[in-house]
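Q: Sequence below, structure please.
(2 chains)
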Amino acid sequence: MSTIDALIAIGLAVLQAAGLLAAAPLLKTTIKKMKARLQNRQGPPWRQGYYDLAKLLSKEPVRSADASWIYVAGPRVYFAAAVAATLLVPVLLAAAPLEAAGGILLLVGTLAVGRFALAVAALDTGSPFGGMGASRDMTIAALAEPALMLCLLTSALAAGSLNLGVLVRDLLQQGPSFHPSDMLALAGLFIIIIAETGRIPVDNPATHLELTMIHEAMVLEYAGPDLALVESASALKELLYLTLLVDLFIPAGIATSATPGAIVVGLVAWAGKIFLLAVAITLAESTNAKLRLFRVPELVSVSLGLAFLALAIRFL
Amino acid sequence: MPFALLLRLAVIALTLLAARRAAVARFTAFLGSAAASIVTVTTAATVLRTGSSVHGVLFVHGASQFSLSYAVDGLSAFFLLVLAALAVPIALYSIGYVGHPHFSRRSAFIGAAFNALVGAVELVFTAGDAITFLFAWELMTLATAALVATEHEERTSRRAAYLYLVMSHVGTGCLIAGFLVLAAGPGSLSFATLLSGHIAPGPLRDGLFALFFLGFGVKAGVIPLHVWLPEAHPAAPTSISAFMSGVLIKTGIYGIVRVCAFGLGAPSLFWGVLVVALGGLSAVLGVLYALMQHDLKRLLAYHSIENIGIILLGLGAGMMGLAYGRGDVASIGVAASLYHVLNHAVFKGLLFLGAGNVVLATGTRQIEQFGGLLRRMPWTGLFFLIGAMAISGLPPLNGFASEWLTFQAFLYGFRGAPEPLVHFLFPLGGALLALTTALAAACFVKAFGISFLALPRSRAAAEAHEAPAVMLAPQAWLAALCVGLGVFPGVVLRALNGVLTSLPGLHPSLDLASGSLGMTSGLSAFDHVVPLMLAAALVGGLAVAGALAAYGARAFPLSRKLRRTAEALAEAGQPIGAGSPERLALRRARVRRVPTWGCGGELTARTEYTATAFSKPLMMIFHAVYRPTRQVDALAEVSPYFPQEVRYRAEIEPTFERYVYGPLLRVVLRVATGLKVLQAGSLHAYLAYVIVLVVGLVLFVWWRS
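A: The predicted structure follows:
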């Protein structure tokens, strides 16, 4: 790789990370707004996500007197992992900026780094809520991991590569396939995304009720800029998962060349697809009740079953 | 090689001579051990570099031409490197650890036994014939048993050592039987002829595989042969536990690779299936049991079982590849398992040494008694965290690298396997591996978080002191290895390439290592990974996070609403700036420290989340595996509504001990009682048996000729 190529890759990486970071709060607000509309409420203004971030960032940092450096490092590593993960996923262009670093397995690993850091940091204040949130979050993540892997691998194996850039280009070349295994894997992955991003029916992002919260319990002690990092990284993670879903199953429209026209088409297509997925998430959140924690394994095992079925249909 | 062994013998002799003076004995034993390890490393490194094996004779009995021989080929050299990577830091650590008043008076014993153990393991890895191998194997078992029983005043230590001896000897018995059957044909005991795969496929070969797998599996701690492991690891002094977990159980893996996978001819498909199945079982059950342990050393011991499972998953995928005749796929699996052997030795050694610091500092092994140790022991905490992240398979550390490679083996096996049903074992193995890794992460969030963070849960934890530098330096080295082996997988794979080419049936693809930075799955452009790039991205992300937290507020022109709030607060007398981003940024440089909110009550160590509570959701979800029982007693004097004391007791069912070993033990005891008739202690009867046997044999020989 020549210096110019490397510079272009780094520039692309910075642009993509910055763009996704900037867009992520909008996704959260959009879902909130659509949910409110379904309940005949007005909902927050479109820019609320940014207002929230600005408010948190400009607050003075308050930290627990019992906490160590882990507490400070947790949100930062969580954020860094989410940012690094965005670089492994193609968004507008059919190439990921950090494609040379690795593929799907590295992506899953990178997200696990963030989760680990945040869960450890949650235990640092000595508050029982942090421990409860960390315990539940790690439990659900552990259950979701095999299903997530299988769903991702089903589509990756069909394309013949685990590298997301190569995979998207292969999928584009093959054209849209409405193979039943794709549908099953899509459904499986959607369930996992709901579990991983803490949406109803697995977790309720809108509540601070002691007995039910998971992600919110984990970050309950955070305030100010630390919380802003957590919030923006969580939003980024959600956008990232949805982008991944789009890449794997409906890559049509993504730019194959770096011409301005293709990129604009890619942007519109990407935004449209993410919006449709946001609608799907809104509907899922609005029509379901939150599950008891101990019913979540059943939901996840549905996803695991779908993934196995998808594999069987595709390869038997 | 003979030089290293002689050096070790000399060290043992000197140690015993200096037994009266604990400090001298300690320094002689452990510095000598490190020196001898370094001598072996030079041999191993030469073999790996040149690719030509070194062999020779250790001892010849002139009259009978009986000889003990050694041979260092690629596989031996690799395992020797793994041994040295851990044995040297452990030896240095032991200088400080055994110097603790608790162990000091046993310095000479521990030092001599440690040297004997390391020497025996070296000999196991380099033995050139079955007799040398079995001799070294037995020496290794005895030295370990002696070390497990170091604190022989404790009943649990004696029991653990005894259990270890019994299980090991059952295993050794299987090995002796296996080698005898194997030697019956060629009549030679050297490995070169024994393990040339001269047995034709058939029931005899399958039987031999079973015998050897049983024999080596006991040592490796494969479930269901693992019961000795969680007893013996915690009972030994912690530096010895680190050695047992990092290296000793790998002798079982060495045997399985050398004999079961490559010594009996091309493996049959069923063997591969069996190894993958047992590997998956060990991995998942190992980590599930580990989650329920609240004794730090027992927890780590169960993680050893888990990691042996991961190693076997890779090896099993490799064996299935061999059975299909796909040498390229098989080499990915074998490379993955060998890579994990190295990684596990490094991170588990690190974790055990960290546990050693903590146990010495607090005097207990119970996680529930720790808490807040990071403040008192900052370096131990940092190194333990690195080890915890490595064992949880997080990139860019070394655990991720080998687990990534194991995944590749499964995916390739899936794509390359011709038989439709069996090849579903590959994605199943992958799913089990993913589950194992994620559960391990949960377990180490618990182990690190409950032990090192928040408030101290006991007086001992509140008064803990950091370990001395001589104990921290080896951990720093191992932590650096965790990072280095993860960030530069190419270096490891290039070294492994020589090992793989020396094994029969494997055709490693040349570009398995792409440069020293990355690794590819070898065949075509299926997947690759360059952990260093991810590390760079993570560092970049950290910088962005830091900048955002410090200066992020400036990026947002303060909304009108926000300004209004700020003004309202200022009016109410709150010390807040006028809202100009500069003033805000300036003000935010101060961090306010406040007590954690304790839900309105007082926050003490008793209100913290406990390790038991942390793992409770998983206990409920996997209750079919654990079959937990719990008992809550409310002790009340006046009325049941006003209990004075509540006693809570929960335990999980020891399934294997109760349902496998319990009945087995009863059968053995019944048979033993039956045999009392024959062996009643009467010398006359014994003499009669001897005569009957001799006469019988003479008659038999006479009849045959």
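
Q: what are the phi and psi angles of B:Pro201?
A: Main-chain torsions, B:Pro201, degrees, to the nearest 10: phi -60, psi 140.

Q: before we move on, what about B:Gly202?
A: The phi/psi pair for B:Gly202 (degrees, to the nearest 10) is phi 160, psi -180.

Q: Got phi/psi on whichever residue of chain B sits closest to chain A?
A: Of all residues in chain B, the one sitting closest to chain A is B:Tyr609 (2.3 Å; CB to the nearest CB). For glycine as for every other residue, the C-beta is placed from the backbone atoms N, C-alpha and C. Main-chain dihedrals, B:Tyr609, degrees, to the nearest 10: phi -70, psi 140.

Q: Quickly find the element holding the nearest residue to it once chain neighbours are set aside.
A: Nearest non-adjacent residue to B:Tyr609, counting by CB to CB, 6 or more residues apart in numbering or on different chains: A:Gly131, 2.3 Å away. Here A:Gly131 sits within helix A:128-159, counting by DSSP states H and E.

Q: Can you name the element that comes right after that helix?
A: According to DSSP H and E, the helix or strand after helix A:128-159 is helix A:164-174.

Q: how far out from the middle of the chain is that following helix?
A: Relative to its chain's centre, helix A:164-174 lies at 21 Å (CA atoms, centre = their mean, to the nearest Å).

Q: Stretch B:297-317 now?
A: Using CA atoms, centre = their mean, the offset of stretch B:297-317 from its chain centre is 6 Å.

Q: Does it reach chain A?
A: No: interface with chain A: stretch B:297-317 contributes nothing (CB under 8 Å from any CB of the partner chain), its closest point being 13.1 Å away.

Q: That stretch - what's its average pLDDT?
A: Stretch B:297-317 carries an average pLDDT of 95.

Q: Count the neighbours of B:Glu602 for me.
A: Look at B:Glu602: counted by other CB atoms under 10 Å in any protein chain shown, it has 9 neighbours.

Q: so what's it scoring on pLDDT?
A: At B:Glu602, pLDDT is 80.

Q: same check, this time on the one 4 residues further on
A: In the prediction, the pLDDT value recorded for B:Arg606 is 82.

Q: do the same with B:Ile576
A: For B:Ile576, the model assigns a pLDDT of 50.

Q: Over to B:Ala113?
A: 94.

Q: Check B:Leu421 too.
A: pLDDT recorded at B:Leu421 is 67.

Q: One more: B:Val530?
A: Looking at B:Val530, the pLDDT reads 88.

Q: got the phi/psi numbers for the closest residue to it other than its chain neighbours?
A: Of all residues beyond its chain neighbours, the one nearest B:Val530 is B:Gly518 (3.8 Å), with distances taken as CB to CB, 6+ apart. Here is the backbone geometry of B:Gly518 (degrees, to the nearest 10): phi -120, psi 170.

Q: residue contacts, the residue nearest to B:Met620 when sequence neighbours are not counted?
A: Counting by CB to CB, 6+ apart, B:Met620 lies nearest to A:Phe294, which is 5.9 Å off, once chain neighbours are set aside. By CB atoms under 8 Å, 6 or more residues apart in numbering or on different chains, the residues touching A:Phe294 are B:617, B:620-621.

Q: got it, and B:Ala361?
A: Counted by CB under 8 Å, 6+ apart, B:Ala361 has contacts B:373, B:376-377, B:460, B:464-467.

Q: ok, 7 Å please
A: B:377, B:464-465, B:467 (CB atoms under 7 Å, 6 or more residues apart in numbering or on different chains).

Q: out of the residues you listed, which one sits closest to B:Phe209?
A: For those, the closest approach to B:Phe209 (CB to CB) belongs to B:Ala467, at 45.3 Å.

Q: Using the three-state scheme, assign that closest one.
A: coil (DSSP: H, G, I helix; E, B strand; the rest coil).

Q: rewinding a little: mind listing what's buried along the helix holding A:Gly131?
A: A:128-159 (16 or more other CB atoms under 10 Å in any protein chain shown).

Q: Skipping adjacent residues, who's closest to B:Ala535 in space?
A: B:Pro396 (4.4 Å).

Q: If you could redo that for B:Ala685, that was the one I meant.
A: B:Leu678 (7.8 Å).

Q: residue contacts, B:Leu618?
A: A:139, B:291, B:442.

Q: State the pLDDT value of it.
A: pLDDT at B:Leu618 comes out at 92.

Q: returning to that earlier point: for PyMOL, what selects the buried ones among the contacts of B:Ala361?
A: Applying 16+ other CB under 10 Å to those, the buried members can be selected in PyMOL as follows:
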select buried, chain B and resi 377+464+467
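
Q: how about the contacts of B:Ala361 in CSV, adding pLDDT and distance to chain A?
A: As requested, those are exported to CSV (pLDDT from 0 to 100; distance: CB to the nearest CB, whole Å):
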residue, pLDDT, distance to chain A
B:Met377, 94, 11
B:Ala464, 90, 14
B:His465, 91, 17
B:Ala467, 92, 18
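
Q: all helices of the stretch 1-150 of chain A, in order?
A: Applying DSSP state H, counting those that start in this stretch to the stretch 1-150 of chain A gives helices spanning A:3-38, A:48-57, A:69-86, A:104-122, A:128-159.

Q: if we can go back for a sec, any figure for the gap between the residue nearest to B:Val530 and A:Leu7?
A: Distance of B:Gly518 to A:Leu7, computed by CB to CB, to the nearest Å: 20 Å.

Q: For these two, work out which one has more neighbours and name it.
A: B:Gly518 (21 against 10).

Q: show me what contacts A:Leu98?
A: Contacts of A:Leu98 (CB under 7 Å, 6+ apart): A:13, A:87-88, B:533, B:537.

Q: A:Leu27 against A:Leu240, yeah?
A: No: assessed by CB atoms under 7 Å, A:Leu27 is found out of contact with A:Leu240, at 10.3 Å.

Q: Thank you, goodbye.
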